[in-house]
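>>> how does the following fold in three dimensions:
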Amino acid sequence: MTDCVAAREPRHLRAPARGRMRTCVAALALAAAACGAERVSAQTSNARKFLDRLNAPILAVSEDERAYKIYFEAHDCIDISDPRVAAASTRLDPWAPTFQDAIGWAGEPSQQEAVDLMLAKNQRGLNATQRKLFGLPYGTYDVDDDLIINDFVVYVHGDMLFDREDAYLARYQELMHLLRAEAFRRAESGNGDGAVEAILGMSRMARQLCDQRFYNEKLVGMTALLESFVQVRDFMWAYRDKLSIENFRTIGIELERLGLDRIEMPPGEELIGEQLIEQIFGPDNRVDKEKFPEVMATFDSYGAPLRRFQAVAFWQQVVERHRSKREVEVALKNAVANWKLRWRLPLHSSLAPDSEFAKLDDLEYAAVKRPIRDLQNLFDLRIPLAAQLNGTATAAGVHAYLVREGAKLVPGQGAVEAAVPVRLAQIQPAFVNYESTLMDIYASLTDKLHFTVIRNTDPRFDYDGYTVRTAEGTVNLFEFWPLLYSVGPDRAENLGNELLHNSMPDTGDKCDIVYFPNIDMLLRESKGR
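Numbering: from 1, shown residues only. This is a model prediction of the structure:
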């Protein structure tokens, strides 16, 4: 890590930063006579070379299009020592016992200052969550010292890119929790426009995280984005009688603009492979028998140093099995090319080739298989991501239609038949832009989401309504309530049965995913009345 220089005291100093602060203060005292000296880095030129390649696309984007400094300033404001912060990190609904704690914390002056920073518009009318990138560089070369002192940084320890500490992630997620709590707080006070701005800001932050450059960051981002769609539906349901037609229309259209098709595979994984190949091969293009066991053992014992001795012994025994540098370089190139090809294919394409990465022998191509994560999880996440976006945006359209027609959905009561839509064509283009938003991605790229109006004359429904099963109990939907759902991973219609509050059911789960009404929130609402 670079030597630290004086920085302003953060308003609410976090525990992880205190040790670094003391270290920096001591370093400043020792280095006072040499304050004009160049900053010293723990990374070698080898690491710097790869970090420069990693950061080049980030640094090419102007500061005006990067959000990380605004998020840092915002996090420096918030008070996470307040015990109510825990309530803001849980699922929010007005019927929960911790709800008032969550919105109370969000309303404190320090948190309000953070919200104002994140949602302040620049000259082009864009706030931090609408900027092109999160944009924090990797390592400490191009990062201000105050970010380092406060752990708003990605540390790269020593030489290897895989040996990272994504210290910023926890702070980033705390800011997302704050925007969500602020959305509910604003809605409670009747500020629908401001509430929508905050809830969309939370979703955009999750989307920005999806553009980070390593597997684990992208996995966190894509998972957070999945969860944000559930949270947006919670918000819309809780305030269905307080938000305006335009509020719901804004939610639907802004979700469509998140650009899931622009999420790319993580480029950092390829650089990890290249760096490792450079480390373990000698000038004769053969495996260096001394370096190889040591370097490979670092992967096996990462996070568990007591395993290192055993790992070194294992790799010493199998070093002769490893392929040549040329063969390994070709394998890495082919695996990456295969990933890129599969990433560009349609979600349900039958043409998707088998993963070249998965075909590689674990020992003969250890330099590729050990450090690099299989991207299959990210491929798999794209289908529920697209399905959840479509379901949530279309649900916003259903809400907007009901508001326009003056419909009220009250637990235990039927709706007015004339006030509910009878087909999805009434939602698009009035409340969502694109017909593709009406697609059921789980089923195919051509089938529409399932939509029906519950009628007691339908043999599928009994006279007590239509029962939807959840993990916490059953909910009855009454006559003339709209029902919007997609099939789940089994791609079979199960008449709207839902997996409770789970944005990504497991493969083979026999369930449909209900997007409207919000079944589990309806259950909570019924119990809370």
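
>>> what's the pLDDT at the residue nearest in space to the middle of the chain?
Central residue of the chain (Cα atoms, centre = their mean): Gly221, 2.2 Å from the mean position. If you check Gly221, the pLDDT there is 97.

>>> which secondary structure elements does whichever helix or strand it is part of contact?
Using DSSP states H and E, Gly221 falls within helix 215-238. Helix 215-238 sits against helix 168-188, helix 192-209, helix 245-256, helix 376-405, helix 519-528, with contacts defined as 3 or more Cβ pairs under 8 Å, 6 or more residues apart in numbering; DSSP states H and E. For the C-beta atoms, the positions are set from N, CA and C on the backbone; glycine is no exception.

>>> quote the end-to-end distance of stretch 120-130.
Distance between the two ends of stretch 120-130: 11 Å, counting by Cα to Cα, to the nearest Å.

>>> got the domain ranges for the protein?
15-209, 268-374, 395-528 (automatic domain parsing).

>>> in CSV: those, plus mean neighbour count.
What follows is these, written out as CSV (neighbours: other Cβ atoms under 10 Å):
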stretch, mean neighbour count
domain 15-209, 18
domain 268-374, 17
domain 395-528, 18
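
>>> so, low pLDDT: which residues of the stretch 1-150 of the chain?
1-45 (pLDDT under 70).

>>> all helices of it, in order?
Here the stretch 1-150 of the chain has its helices, by DSSP state H, counting those that start in this stretch, at 15-30, 45-59, 68-77, 85-88, 99-106, 109-119, 145-149.

>>> the ones you listed: which one's closest to Pro346?
With Cβ to Cβ, the closest approach to Pro346 among those belongs to helix 45-59: 26.1 Å.

>>> so what secondary structure elements neighbour the closest one?
helix 268-280.

>>> tell me what the helix it packs on is packed against?
Packing contacts for helix 268-280, counted by 3+ Cβ pairs under 8 Å, 6+ apart, involve helix 45-59, helix 291-300, helix 325-344, helix 366-369.

>>> what's the offset of the first one from the middle of its chain?
Which is helix 45-59. Mean-position distance between helix 45-59 and its chain equals 24 Å (Cα atoms, centre = their mean, to the nearest Å).

>>> and what of the shortest one?
Mean-position distance between helix 366-369 and its chain equals 28 Å (Cα atoms, centre = their mean).

>>> what of the longest one?
Here the centre of helix 325-344 is set off from its chain's centre by 26 Å, with Cα atoms, centre = their mean.

>>> show me the contacts for the closest residue in space to Pro411 that isn't next to it in sequence.
Once flanking residues are discounted, Pro411 sits nearest to Ser526: 4.5 Å by Cβ to Cβ, 6 or more residues apart in numbering. Shown in contact with Ser526 (Cβ atoms under 8 Å, 6 or more residues apart in numbering): Pro411, Gly412, Val475.

>>> how near is Ser526 to Asn518?
According to Cβ to Cβ, to the nearest Å, Ser526 stands 12 Å off from Asn518.

>>> before we move on, the earlier item: for Lys289, which of the helices and strands packed on helix 215-238 is the nearest?
Taking Cβ to Cβ, helix 376-405 is the member of the helices and strands packed on helix 215-238 nearest to Lys289, at 32.7 Å.

>>> of the helices and strands packed on helix 215-238, which is nearest Ala313?
Nearest to Ala313, of all these, is helix 376-405, at 30.8 Å by Cβ to Cβ.

>>> how far away is Glu73 from Arg180?
Distance from Glu73 to Arg180, by Cβ to Cβ: 20 Å.

>>> please apply the same query to Glu498.
To Arg180, Glu498 is 22 Å away according to Cβ to Cβ.

>>> wait, Gln208 touches Gln130, no?
No - using Cβ atoms under 8 Å, Gln208 makes no contact with Gln130, being 9.3 Å away.

>>> nearest to Val420, of the contacts of Ser526?
Of those, the one sitting nearest to Val420 (Cβ to Cβ) turns out to be Pro411, at 16.0 Å.

>>> nearest to Arg262, out of the domains of the chain?
Arg262 sits nearest to domain 15-209 of all the domains of the chain, at 9.4 Å, using Cβ to Cβ.

>>> returning to that earlier point: in CSV: the domains of the chain, plus distance to Asn247.
Converted to CSV, those look like this (distance: least, Cβ to Cβ, whole Å):
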stretch, distance to Asn247
domain 15-209, 5
domain 268-374, 30
domain 395-528, 8
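
>>> looking at these, which is nearest to Glu256?
domain 395-528 (5.6 Å).

>>> run the chain-centre distance for the closest one.
25 Å.

>>> tell me the spacing between the residue nearest to Pro411 and Arg249.
Relative to Arg249, and taking Cβ to Cβ, Ser526 is found at 28 Å.

>>> tell me where this protein is predicted with low confidence.
Using pLDDT under 70, the flagged stretches of the chain are 1-45, 463, 500-501, 528-529.

>>> about what we covered before: out of the helices of the stretch 1-150 of the chain, nearest to Gly303?
With Cβ to Cβ as the measure, helix 15-30 is the member of those nearest Gly303 (17.6 Å).

>>> and Ala337, which of the helices of the stretch 1-150 of the chain is closest to it?
Closest to Ala337 of the helices of the stretch 1-150 of the chain is helix 45-59 (Cβ to Cβ; 18.2 Å).

>>> contacts for that closest one next, please.
Against helix 45-59 from outside (Cβ under 8 Å, 6+ apart): 41, 43, 66, 133, 135-139, 141-142, 156, 158-161, 213, 267-268, 271, 274-275, 278-279.

>>> same thing with stretch 232-248?
With contact meaning Cβ under 8 Å, 6+ apart, stretch 232-248 is reached by 91-94, 180, 183-184, 187, 190, 192-193, 195-196, 199, 203, 251, 255, 392, 395-397, 399-400, 402-404, 408-409, 431, 515-518, 521-522, 525.

>>> ok, stretch 491-501 next?
Stretch 491-501 is contacted by residues 91, 230, 442-443, 450, 460, 466, 468-472, 483, 485, 487-488, 505, 509-514, 519-520 when judged by Cβ under 8 Å, 6+ apart.

>>> from the residues you listed, which ones fall inside strands?
Counting by DSSP state E, the part of those found in strands is His450, Tyr466, Val468, Arg469, Thr470, Leu483, Tyr485, Val487, Asp512, Ile513, Val514.

>>> okay, the helices and strands packed on helix 268-280 in CSV with distance to Arg262 next?
Shown next, in CSV, are these (distance: least, Cβ to Cβ, whole Å):
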stretch, distance to Arg262
helix 45-59, 14
helix 291-300, 31
helix 325-344, 11
helix 366-369, 27
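
>>> which one of the ones you listed lies closest to Met118?
So among the helices and strands packed on helix 268-280, helix 45-59 is nearest, using Cβ to Cβ, at 19.9 Å.

>>> between the closest one and helix 268-280, how big is the angle?
Compare the direction of helix 45-59 with that of helix 268-280 by axes from the mean of the first three to the mean of the last three Cα atoms, to 10 degrees and you get 160 degrees.

>>> so helix 45-59 versus helix 68-77, what angle?
100 degrees.

>>> circling back to that earlier point, and Leu332, which of the helices of the stretch 1-150 of the chain is closest to it?
Taking Cβ to Cβ, helix 45-59 is the member of those nearest to Leu332, at 14.2 Å.

>>> can I get the helices and strands packed on helix 215-238 in CSV including distance to Ala425?
Formatted as CSV, the helices and strands packed on helix 215-238 follow (distance: least, Cβ to Cβ, whole Å):
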stretch, distance to Ala425
helix 168-188, 30
helix 192-209, 25
helix 245-256, 15
helix 376-405, 11
helix 519-528, 24
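
>>> which one of the ones you listed lies closest to Val416?
helix 376-405 (8.1 Å).

>>> so which elements touch the closest one?
Applying 3+ Cβ pairs under 8 Å, 6+ apart, one finds that helix 376-405 makes contact with helix 215-238, helix 245-256, strand 482-487, strand 512-516.

>>> ranking the ones you listed by burial, who's on top?
Highest mean neighbour count of those: strand 512-516, a mean of 27 (counted as mean count of other Cβ atoms under 10 Å).
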